[in-house]
Structure formats: C-alpha cells, structure tokens
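**Q** I would like the atomic coordinates for the input below:
(one chain, ligands or ions: 1)
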Amino acid sequence: MAVFKPENVEDFYEIGDVLGSGHFGQVRKVRELATGTYWAGKFLKIRKNSCSRLGLERSCVEREVEVLQTVQHPNIVALKDVFESRAELVLILEIVTGGELFDFIAEKENLLESEAIEFMKQILEGLGFLHSKNIAHFDLKPENIMLSDKLSPNPNIKLIDFGLAHRFHQGEEFRSTSGTPQYIGLAGVEFGGS
Ligand code: PIT
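**A** Numbers count the residues shown, from 1 in each chain. Alright, predicted model coming up:
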C-alpha cells in the first residue's frame with residue numbers, strides 16, 4: 001500500500017498560484033523550502049465518510065498513487081511525495097509549465113509534419129510504457145497531454161491525470177461507465193495479458 005506522509009505539507013513547501021482545477025480540487029505551484037525547487041501540488045479533498053457526496057474516496061487516491069509510483073518515464077509526470085492531513089491528500093508532482101499540447105498547436109500558425117511526428121512519438125512512448133505495465137489511463141484527452149515547458153522550441157510531452165487509471169491483473173474483466181463523456185467509447189474490456 002502507498003505510504004503517505006502524515007506531516008503538514010506547509011512545513012515543507014510554500015504554496016503558490018493555482019495551475020489548474022477540476023472536480024477533484026486544485027493543482028498549485030509549490031516551492032520546496034529545503035531546496036527552492038518548484039513542484040506541482042495536487043490538493044485532493046478526501047471523503048470523511050462513505051455517505052458524504054463531497055470529496056474523493058481515499059482508496060481511489062491510493063490507486064492513483066500506486067499507478068504513479070509504478071510508472072517512471074520521461075513522458076509521464078513524476079510523483080515525488082504524498083502528504084496526508086485530516087481532510088486532504090496532497091500529491092507532490094513534477095512541475096510542467098508548457099500548458100496543454102492542444103493550446104500549443106492552436107496558437108501556432110502551422111505545425112510541421114516532423115513536429116507532429118515527434119509529439120505522436122512521445123505520446124505513444126508514454127502510453128506504450130503504461131501498457132507494458134498493464135496499466136490503462138482511461139482518460140486520455142487533449143487536456144491531459146501537457147508540455148514540459150514554454151521556453152524550449154521542442155518541449156517534451158508529459159501525460160497527466162491518472163485519476164481513472166487502472167492496473168490490470170491477468171484475466172481481469174473491467175467494466176466502467178466513468179471517464180469524460182465526450183471520449184467514452186468502449187465500456188468493457190477484458191485483459192488477456194501476454
Ligand atoms: C503540473 C501542472 C498542471 C497540472 C499537473 C501538473 C497535474 C498533474 C497530475 C494530475 C493527476 C495525476 C498526475 C499528475 O494523477 O497544470 O505540473 O491527477
């Protein structure tokens with residue numbers, strides 16, 4: 001099971017601006033006090049009891065953390081640490097400052113075939129690595145394909161948001177109605193393994 005630090009995140013990190021937000025909570029820029037290094041902190045509200053409709057089930061976050069701990073790859077956002085307080089879990093993640101790939105392409109006048117090939121190659125390398133570990137992302141969409149930074153002319157792809165990801169065991173049948181509505185196509189899969 002994933003180990004969460006019971007310390008207060010604010011004793012180790014200065015909490016900065018919001019980088020993004022969603023139904024889960026917020027992602028904020030954070031600065032590690034010991035080193036001055038910047039990271040992204042994903043702040044998740046945890047359900048106090050199973051009857052409550054607010055916040056996430058702790059077991060779902062545990063699963064997300066376990067997936068992230070399994071997948072260390074240059075095209076997948078890295079997880080550094082997890083802090084746990086009474087009502088909140090904070091994931092300390094690699095900072096990615098290049099924004100969404102979608103916006104990067106939309107802002108450009110044209111995209112060279114060679115640039116498209118490089119982006120596709122990196123997306124498929126990240127995805128191929130996930131699949132080699134029997135993990136499905138299940139929420140791959142333009143918003144979850146980010147770029148490492150804005151300064152480099154050739155930024156790297158970083159896949160994010162493993163909130164719906166699932167690690168398959170041999171022969172496991174998986175049925176789900178979750179995901180982003182526009183992108184849901186396949187409701188059930190059976191994993192054969194190799
Ligand atoms: C950033 C900047 C940003 C968003 C993120 C990271 C989010 C990362 C993320 C979210 C997840 C997850 C893994 C990574 O499982 O705007 O540096 O839900």
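**Q** got the contact list for the nearest residue to residue 42 once chain neighbours are set aside?
**A** Distances taken as CB to CB, 6 or more residues apart in numbering put residue 91 closest to residue 42, at 4.2 Å, once the chain neighbours are dropped. All C-beta spots, glycine's among them, are computed from the backbone N, C-alpha and C. Contact analysis of residue 91 by CB atoms under 8 Å, 6 or more residues apart in numbering lists 41, 42, 44, 61, 64, 65, 68, 79, 81, 82.
**Q** tally of neighbours for the second one?
**A** Meaning residue 42. By other CB atoms under 10 Å, 27 other residues sit near residue 42.
**Q** quick one on the thing from earlier: from the ligand, how far off is the residue nearest to residue 42?
**A** Distance of residue 91 to the ligand, computed by CB to the nearest ligand atom, to the nearest Å: 7 Å.
**Q** kindly report the same for residue 166.
**A** For residue 166, the distance to the ligand - CB to the nearest ligand atom - is 13 Å.
**Q** contact partners for that residue?
**A** 63, 67, 135, 136, 138, 174, 176 are the contacts of residue 166 under CB under 8 Å, 6+ apart.
**Q** how close does the residue lying closest to the fifth one once chain neighbours are set aside get to residue 3?
**A** Among residues not flanking residue 138 along the chain, residue 164 sits closest, at 4.3 Å (CB to CB, 6+ apart). Going from residue 164 to residue 3 by CB to CB, to the nearest Å gives 23 Å.
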